[in-house]
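Asks: Just a sequence and a predicted model for now, questions to come.
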Amino acid sequence: MRLTFSMIYVAMIVLLSVFVVIAHRTNKRNTVSNSVAWLDAALIPPILGNLIVLISSSPVLSAIGFYTYFLGMDVVMLAMLNFTVKYCKTKNSHHCVPIAVYIALGADTLQMLLNPIFHHAFTLEEIVVEGRSYYRFIAYWGQTIHRVVDYSILLGIMAIFLLMSIKMPRVYREKYAIILVSMVVVGIWQSFYIFSRTPIDRSMIGLGVFGILIFYFAIFYRPLRLLDNLLAKMASDMPQALFFFDPNKKCIWANDPGKTLLDIREGFFDLAPQKLREIFGELEFDKENWVKHKVIGSGENVKHYILDMRSVSSDKNTRSGSFLSIRDNTSEQLLLEREKYNATHDTLTGLYNREMLFRSIHKKLKEDRDTVYYIVFVDVKNFKIVNDIFSNSFGDFTLKHIANWIRADMSPRCVYGRMGGDKFGVLIPKEEFEPDSIERSLSNYVVTDGNIEHGLFIHLGVYEVTKTDTDVSVMFDRAHLALSTIKDDYKTHIAYYDDELREKAKWNQHISTQLQHAISQKQVVPYLQPIVDDSGKVVGAEALARWNHPDRGFLSPASFIPYFEKNGLIVEVDKHMWRSACEILSRWEQIDKEMFISVNISPKDFYFMDVKEEIHNLVEEYGIEPKRLRIEITETVMMNDIDERIKILNELRSEGFIVEMDDFGSGYSSLNLLKDMPVDVLKIDMKFLGRSQDSGKAQTILRNIISLSDDLGISSLTEGVETKDQYHMLADMKCKMFQGYYFAKPMPVDQFETFIHKQAQ
Ligand code: C2E
Ligand code: CA
Ligand code: CA
């Protein structure tokens, strides 16, 4: 018997030691486990003390065993208190041990330690158990104090657990009750053996079991009911509808949103599958784990649902049921659709935006290879005027008008969109394209919002898709190229991309690659056209570019300048022309110090270089007075970054350069713009009068422009003067300078020099 119990105690000590280590290691995750480690460690000395008593046959050893036991129990109480505080700690309450308890424990320990002197707590009595001496203790009042102290603490702790089991919300009760029950069971066991005074004290088994139970319940055990309750609460509080099915696909439970969705009452869950089918159509109840997106209703009442069916298995093979969750994601879906719409559509017109248009055309051409399609580039001539002269809102109105005009004639086989600004793009089957009716409707295209009425010139460039895998942007480039051939044509509205244009495009590419070489080889040279004053004297010249092409002969600027203006290479031509002009001027330094040369500046120059810096450096390099290099800009220069451009021009003027506004009258030449333009000379384009039927009116306009510019302190120069009559008329109108074929055509520099030389004689 003694041996059996010894073995049990040894096993308990080993087990408790292992728990101490485990509890200590889990400490990082759980603060309670640290107190469990201490408690299990504290339980070892009393058990060890009992073990010593059990195996010893000597009074001294037995005495050591009893002291270890009794003193150890005080430590156990301390550890129990610590554990109770940690275990019962909640967010709102934090218990602490009254100081009197520590004093009582301390006093008890002290009186126990004094027992060897006063023998007031216990003495030993020898008896024989299983043929060997065994020392049991005889208790005196000191031992009674010891028991009162320890039992009071134990009862106090049990009271706390009892209180917690009652006070805490139902779902948490189990957590405390389970510890309380283990304490009660162990307490009864313990007391029974302590007070029964059987020769061998078995109470320690209870203590060891207590250590094991605490370790398990505090660290590893998660109360099942608590979990159940939490899960159930979570499921019923979820915003989505939930339906639980048993393995036979019978609906056994639904949460409130589920009941509302199907309009069923508690206890009528059987109806769920039928109702679900009525709303969502046939559902695959037999299949497990699927997710479906269902759309119910349409228009404003549309609803989007995500249905998610999951099977629940208790282990790998047996299925314990399944659940279906239904989430209403209408608002997310609408937001997503809105975002998608915004990303693919133009906000003003509601048409596809450029990216979407290109993507859709690409897709359509890929899918339908049997149809011959046209790519149509739609452009409004001088749309900027609409915004400038009227208002941005009328501009927007106009764009919507055009969008609706395009939309109206489109079949489902067409793809169309706004490419940006006043440019639209269409893909249309060749057989659906009706040029006659389009020409008719464009011949008098008037937009009116009730107050304003404005006629528009809309041009269409058409490219027949021959190879469907060509880049869509290249197709539109070709359509645009066709369009650009009729840009200044007020009668034709549709132009087709053809072989001639293709050749031209090739040629443009060809000359682009040759330009640098041509400049370095002096193939590109300035021609000078004289500018005369009102007495007929040549006062300066305009430098105009000519290309002496080795294969194609003499090229006029019209055959290369517009293309270079588009692709930016104009910058190279202009830099070369400005330098050439400076070279000539520095050579003239000896001949005529007053003679000036006007050079052209393209709007693109402002994008690709620091125009001011470039020109400033040139005159400095050649030592020329700035006023001798005149600068011609067109009003298109002022179309963008107007403030920045005004600043540059003003800086140039303050350095002494003379700025001329070229081609006044050929564009839309707002007089308003003139007020803000920092220019010294107005170059009036004679061509703009040519078209007019009423020459009387035209002359009035001309006279007024000249006198207006005079009033503004701007000098006037008329270009394109071809006849003597024109010259005299303009001179009568007080125009200051003249340029035109009547005086001379542009000519090579040496010819020009001879020309003025002759004049001087
Ligand atoms: P622009 O600046 O308006 O130049 C005047 C154009 O009118 C020149 O054509 C000139 O030959 C032409 N012209 C002169 N007098 C008369 C006339 O009495 N009647 C008619 N019908 N035409 C006359 P050109 O040299 O063919 O130049 C055409 C355009 O090319 C120029 O128009 C200018 O915009 C551009 N350009 C020429 N050279 C350069 C250059 O070096 N740089 C830049 N950026 N553009 C240039
Ligand atoms: Ca010019
Ligand atoms: Ca001009």
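Replies: Ah, there it is. Ligands and ions are numbered 1, 2, ... in the order given.
Asks: near ligand 3, which residues of this structure?
Replies: 662-663 (Cβ under 5 Å from the ion). All C-beta atoms are positioned from the backbone trio N, CA, C, and that covers glycine.
Asks: Residue 479: how many residues sit nearby?
Replies: Neighbour count of residue 479, defined by other Cβ atoms under 10 Å: 27.
Asks: Over to residue 583?
Replies: Count around residue 583 with other Cβ under 10 Å applied: 16.
Asks: which SSE is it in?
Replies: Following DSSP states H and E, one finds residue 583 within helix 570-588.
Asks: any idea of the pLDDT on the residue lying closest to residue 714 once chain neighbours are set aside?
Replies: Excluding its sequence neighbours, the residue lying closest to residue 714 (Cβ to Cβ, 6 or more residues apart in numbering) is residue 682, at 5.2 Å. Per-residue confidence at residue 682 stands at 94 (pLDDT).
Asks: Could you give the bridge partners of residue 682?
Replies: Judged by DSSP bridges, the bridge partners of residue 682 are residue 661, residue 716.
Asks: which residues sit in contact with it?
Replies: 660-661, 664, 674, 705, 709, 714-717 (Cβ atoms under 8 Å, 6 or more residues apart in numbering).
Asks: ok, back up a step: can you dump the C-alpha atoms of the helix holding residue 583 in PDB for me?
Replies: Taking Å, rounded to 0.1, in the frame of the first residue of the first chain, the C-alpha atoms of helix 570-588 are listed here in PDB:
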ATOM      1  CA  ILE A 570       9.500  71.800 -87.500                       C
ATOM      2  CA  VAL A 571      11.800  72.600 -84.500                       C
ATOM      3  CA  GLU A 572      14.800  71.500 -86.600                       C
ATOM      4  CA  VAL A 573      13.700  73.500 -89.600                       C
ATOM      5  CA  ASP A 574      13.100  76.600 -87.600                       C
ATOM      6  CA  LYS A 575      16.300  76.500 -85.700                       C
ATOM      7  CA  HIS A 576      18.100  76.200 -89.000                       C
ATOM      8  CA  MET A 577      16.100  79.100 -90.500                       C
ATOM      9  CA  TRP A 578      16.800  81.400 -87.600                       C
ATOM     10  CA  ARG A 579      20.500  80.700 -87.700                       C
ATOM     11  CA  SER A 580      20.600  81.200 -91.400                       C
ATOM     12  CA  ALA A 581      18.700  84.600 -91.000                       C
ATOM     13  CA  CYS A 582      21.300  85.600 -88.400                       C
ATOM     14  CA  GLU A 583      24.100  84.700 -90.700                       C
ATOM     15  CA  ILE A 584      22.600  86.800 -93.500                       C
ATOM     16  CA  LEU A 585      22.000  89.700 -91.100                       C
ATOM     17  CA  SER A 586      25.500  89.700 -89.800                       C
ATOM     18  CA  ARG A 587      26.800  89.700 -93.400                       C
ATOM     19  CA  TRP A 588      24.500  92.700 -94.200                       C
END
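Asks: Please compute how far the next helix or strand after that helix lies from its chain's middle.
Replies: Sequence order places strand 596-600 as the next helix or strand after helix 570-588, per DSSP H and E. Centre-to-centre, strand 596-600 and its host chain are 51 Å apart (Cα atoms, centre = their mean, to the nearest Å).
Asks: which outside residues touch the helix holding residue 583?
Replies: Helix 570-588 is contacted by residues 515-516, 519, 524-526, 528, 543, 545, 560-561, 564, 595-597, 599-602, 604-605, 608-609, 614-615, 618-619, 621-624, 628-629, 749 when judged by Cβ under 8 Å, 6+ apart.
Asks: what do you get for stretch 140-153?
Replies: 70, 73-74, 77, 80-81, 101, 104-105, 107-108, 111-112, 115, 118-123, 137, 194.
Asks: Could you give me the PyMOL selection string for whichever of the contacts of helix 570-588 are buried?
Replies: A single PyMOL command selects the buried members of the contacts of helix 570-588 (16 or more other Cβ atoms under 10 Å):
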select buried, resi 515+519+524+525+526+528+543+545+560+561+564+595+596+597+599+600+601+602+604+605+614+615+618+619+622+624+628+629+749
